[in-house]
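>>> Next comes the sequence, and after it the predicted model I'd like to discuss.
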Amino acid sequence: MTPASADAEPLVEELRDEIGTLRRALARAGGPLAGLVGRSLPMQRLFSAILASADRRDPVFVCGESGAGKSAVAAALHRLSSRGHEAMRTFTLDSRPGAADAGEVVAAASSSGAIVVEGLPHVSREAQRAILDATRDPAAARLIVVSPRDPAAAIHDGRLEPGLAEAAGTIGVPPLRERREDIPALVEYFLRPSDASPPAPALDPKALEAMRVHEWTGNVRELRNVIRRARALSDGAFLGLTAIQSVLGGVSARAERDGEASGERDIVAVRVGDSMAEIERRVLQRTLRFAQGNKRKAAEMLELSLKTIYNKVKEYGLEREFNRRLRKEPRSE
């Protein structure tokens with residue numbers, strides 16, 4: 001054992017103990033939650049952060065990519081708290097028909113339990129302050145904000161009230177590509193999520209390997225959907241490579257990159273069951289790459305305003321890839 005690995009051993013053991021504590025607590029709260037399955041170091045760190053934050057009263061941001069398991073983390077935070085027996089209400093704030101407004105969130109905050117809010121930057125900073133103020137009372141609901149972006153980036157863009165982020169903690173949910181060693185456990189869970197589920201089919205090791213090397217741009221949600229669709233295509237007793245490959249599709253995320261290298265930069269992989277948000281993100285990212293980062297050209301290709309392109313780039317966390325263009329190009333409606 002090297003000195004470095006010896007130094008890390010106590011930390012690993014401590015994290016393993018915390019995983020056991022969390023699993024026992026989740027079992028008491030009603031069983032494991034989809035997306036919170038795995039033994040990898042990123043998941044051990046996530047479990048540790050959930051345990052440390054569950055019984056706090058201050059707001060918390062749960063940040064991560066689409067499909068990574070943010071909603072599962074939000075649910076675990078509430079269910080493991082001393083208020084876990086109380087109601088948890090979820091709100092989505094955006095411009096779509098049927099979406100909640102800030103007033104509904106403020107009203108819900110007056111009761112105990114927890115409120116989970118997605119799309120907070122879509123409302124005014126004044127409305128954000130009202131939501132924060134409504135949750136300051138010790139008897140009020142705890143505010144859990146689900147976001148694809150770190151709050152610091154939203155503050156930098158002027159879309160998030162600084163006082164809200166200053167009062168809140170942040171928990172990052174790792175993408176599936178950073179914890180590939182958890183894929184076998186996740187596959188096993190999705191094949192038989194409970195003891196009451198039908199027996200899991202035998203899994204071809206080649207099918208598992210195909211899933212292990214897949215890019216999983218849709219993260220855990222994509223893996224779950226792949227398993228469900230592949231199982232529907234199988235004979236029930238055996239899940240083979242053919243069923244998995246037919247669901248993954250002829251054009252995977254890796255094939256997209258291969259296509260780009262060979263000049264086929266206009267290919268975007270879309271599979272049945274992919275969320276509309278994930279499809280929109282992929283189309284925007286690929287169009288911007290095709291346009292060599294020129295957002296005005298991408299706006300013309302997608303028949304959107306330049307302002308919408310800028311907003312979507314920020315919403316989907318694509319600034320790092322296209323930040324040079326963001327600084328150089330003049331911004332207009």
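Thanks, I have the structure now.
>>> Please enumerate the strands of this protein.
60-63, 88-92, 114-118, 142-147, 169-172, 202-203, 238-239 (DSSP state E).
>>> Neighbouring strands of the third one in the sheet, and parallel or not?
Which is strand 114-118. strand 88-92 (parallel), strand 142-147 (parallel) (DSSP bridges).
>>> re the thing from before, is it possible to get TSV of the strands of the chain that adds mean pLDDT?
As requested, the strands of the chain are exported to TSV (pLDDT from 0 to 100):
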stretch	mean pLDDT
strand 60-63	96
strand 88-92	93
strand 114-118	95
strand 142-147	95
strand 169-172	95
strand 202-203	92
strand 238-239	90
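>>> Using a markdown table, lay out those strands together with mean neighbour count.
All C-beta spots, glycine's among them, are computed from the backbone N, C-alpha and C. As requested, the strands of the chain are exported to a markdown table (neighbours: other CB atoms under 10 Å):
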| stretch | mean neighbour count |
| --- | --- |
| strand 60-63 | 25 |
| strand 88-92 | 17 |
| strand 114-118 | 24 |
| strand 142-147 | 25 |
| strand 169-172 | 17 |
| strand 202-203 | 16 |
| strand 238-239 | 18 |
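>>> before we move on, the earlier item: which one of the strands paired with strand 114-118 lies nearest to Ala154?
Within those, the stretch nearest Ala154 is strand 142-147; the backing value is 7.3 Å (CB to CB).
>>> got a list of contacts for that closest one?
Contact partners of strand 142-147, identified using CB atoms under 8 Å, 6 or more residues apart in numbering, comprise 56-57, 59-63, 70-71, 74, 77-78, 81, 83, 109, 113-118, 120-121, 131-132, 135, 151, 154, 164, 168.
>>> again, only using 7 Å
Contacts of strand 142-147 from elsewhere in the structure, counted by CB atoms under 7 Å, 6 or more residues apart in numbering, are 57, 59-63, 70-71, 74, 77, 109, 114-118, 120, 131, 135, 168.
>>> what does stretch 108-128 give?
Around stretch 108-128, the neighbours that count as contacts under CB under 7 Å, 6+ apart are 74, 78, 83, 86-95, 102, 105, 131, 134-135, 139-147, 154, 159-161, 164.
>>> for the residue nearest to the spatial centre of the chain, what are its contacts?
A centroid search over the chain (CA atoms, centre = their mean) returns Ala68, at 3.2 Å, as the residue closest to the centre. When contacts are counted by CB under 7 Å, 6+ apart, Ala68 touches Val173, Pro174, Pro175, Leu176, Asn219, Val220.
>>> Ok, Trp216 next?
Residues in contact with Trp216, defined by CB under 7 Å, 6+ apart, are Leu176, Arg177, Glu222, Leu223.
>>> between these, which is closest to Arg282?
Taking CB to CB as the measure, Glu222 is the one of the contacts of Trp216 closest to Arg282, at 11.3 Å.
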